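Engineer: Sharing a model that was predicted from the sequence below.
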Amino acid sequence: MADVRDIMDLEQPSAQEVTRESIIGSDKLKKRPQNVQKIPRRPEGMHREVFALLYNDNKDVPPLFPSDTTNGYKQTKIKLGMRKPRKWKWMPFTNPGRTDNAEFYHWRRPADEVTGYPFAKFNKKVEISEYTDVEYNEHLSSENWSRDETDHLIDLAKRFDLRFVIMADRYDTEKFGKRSVEDIKDRYYKIAGVLSKLHGKKVYTYDADHEKRRKEQLKKLYERTTEQMEEEQMLVGELKKIEARKKERERKTQDLQKLISQADSQSETPRKTDKKLPKKKISNPSRPSKVDTTVITKQILQAAEGTGIKFPDYKNSGVSLRSQRMKLPANVGQKKAKGLEQMLQDMGMELNPTPTEEICQSFNELRSDMVLVMELKAALTTCEFELQSLRHQYEALAPGKTLTIPAQLMPSGPAAVDRDVDGVKTTTAEIIDVVGSPGTPNPP
């Protein structure tokens, strides 16, 4: 800037003398304004809302005297005027709720109208049943309770407002003997019930035996050990597992019931090859009957004929690839698809063969029959573990006895067994006992 001013013949500004104060600053402390009030700090542990009630917007301290203000907590200082203050006098008063006529004193304005002690309305008394000599002799006399003891019970009820625990503690055991809380409540409520019935009022019934059993159960629950609580939690977990297995069995039983009901409906219109089949011989499939297993198997086969894979028809959908006909529909689940792949690999077949016309049709029929076999295996396994469940239930209800199941209804061993029904071989899957025999621990 100095060169520019020199070129333009401008006056140079006076150079400011560089001093220590201009660089470092003055050592003198700046004076703070005197009118700034120090803001008090909120004490530790006090809530912000409570601390805000102590100070207003001007940060004034709370007043020494309470004041009646209409602007809320913001105007907290009392306004003192020049008027003559009202007189207060130390005056006596009595409490109507007391029976000893005790006299107390408090400050009160002489001009105020005396309307009695305002807090006497909170002295509520419980209505205690009372009886006359005639009512006691005719309706309330008892062999276990004398007249003096009954009068003592009513007197305690009046003194302690039906607080039966205190009444049992203050009971005169030297004169009348020890009485439990339940006995005292039972006697009182019997008296109150008889008197209410005589006067046409609502009767309250007290069950002393139920109250004793409830307290005993509560005591046992309170005195449980850690081992007992852990055992209870274990039993609750086992109960949930049993209920889950029961729901699974019911679901599989419903699936089998649907297959048999479909077989019954199809048996009403028999085919040429099924003219000799009996109609509706299975009245209740959940119970063992004397029906031939061959008939049951044929009915299950008939019902399962329509449960295979239904491949879409591409005849009327325009141009399409023949390989699309071998694609599994969307309604086939992932579990069935994996099972089909495993079975094809076991048979040494390709998962995606050459899609000729004949191969497409035969490959789709093969996979549909495979799904049918899988469903028949599941239905047969369901029947077999239902029989096992019935056998275990029978052995549990009748100890020492064993339910004999016919050999034609059960496999010869735990391994799979091939059965030949009208030239069709069906393989029985290994039976998994989901119910569990008595005394057999459940698997983890």
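Structural biologist: In hand now; what should we look at? All values derive from a computational prediction rather than experimental measurement. Numbers count the residues shown, from 1 in each chain.

Engineer: going forward, measure contacts between C-alpha atoms and count neighbours the same way
Structural biologist: OK.

Engineer: What lies in contact with stretch 98-106?
Structural biologist: With contact meaning C-alpha atoms under 8 Å, 6 or more residues apart in numbering, stretch 98-106 is reached by 90-95.

Engineer: Now with 10 Å, please.
Structural biologist: Stretch 98-106 is contacted from outside by 88-96, 120, 123, using C-alpha atoms under 10 Å, 6 or more residues apart in numbering.

Engineer: Which members of the residues you listed are positioned in strands?
Structural biologist: 89-94 (DSSP state E).

Engineer: got any ranges where the stretch 51-200 of the chain has weak pLDDT?
Structural biologist: Applying pLDDT under 70 to the stretch 51-200 of the chain flags the ranges 55-80.

Engineer: Pick out whichever of the contacts of stretch 98-106 sits closest to K246.
Structural biologist: N123 (60.8 Å; C-alpha to C-alpha).

Engineer: In this structure the closest one contacts P96, no?
Structural biologist: Yes. With contact defined as C-alpha atoms under 10 Å, N123 reaches P96; the gap is 8.8 Å.

Engineer: What segments of this structure are strands?
Structural biologist: Going by DSSP E, the chain shows strands at 89-94, 103-108, 418-421, 424-427.

Engineer: Quick one: the helices in the stretch 251-400 of the chain, in order.
Structural biologist: 293-303, 334-346, 357-397 (DSSP state H, counting those that start in this stretch).

Engineer: Apologies, that question was intended for the stretch 101-250 of the chain.
Structural biologist: In the stretch 101-250 of the chain, the helices defined using DSSP H, counting those that start in this stretch lie at 133-135, 147-160, 164-169, 173-176, 181-198, 208-222, 226-267.

Engineer: okay if I get those as CSV plus mean neighbour count?
Structural biologist: Listed next are the helices of the stretch 101-250 of the chain as CSV, based on neighbours: other C-alpha atoms under 10 Å:
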stretch, mean neighbour count
helix 133-135, 11
helix 147-160, 16
helix 164-169, 17
helix 173-176, 10
helix 181-198, 18
helix 208-222, 12
helix 226-267, 14
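
Engineer: Could I get the ones you listed in a markdown table, plus columns for distance to L54?
Structural biologist: Output for these, formatted as a markdown table (distance: least, C-alpha to C-alpha, whole Å):
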| stretch | distance to L54 |
| --- | --- |
| helix 133-135 | 65 |
| helix 147-160 | 43 |
| helix 164-169 | 44 |
| helix 173-176 | 57 |
| helix 181-198 | 51 |
| helix 208-222 | 48 |
| helix 226-267 | 51 |
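
Engineer: Switch the contacts of stretch 98-106 over to TSV; also include neighbour count and distance to E358.
Structural biologist: Converted to TSV, the contacts of stretch 98-106 look like this (neighbours: other C-alpha atoms under 10 Å; distance: C-alpha to C-alpha, whole Å):
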residue	neighbour count	distance to E358
W88	12	117
K89	12	119
W90	10	118
M91	12	118
P92	11	117
F93	13	114
T94	15	113
N95	17	110
P96	16	109
A120	13	104
N123	10	101
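
Engineer: which one of these is nearest N144?
Structural biologist: Nearest to N144 among those is N123, at 35.3 Å by C-alpha to C-alpha.
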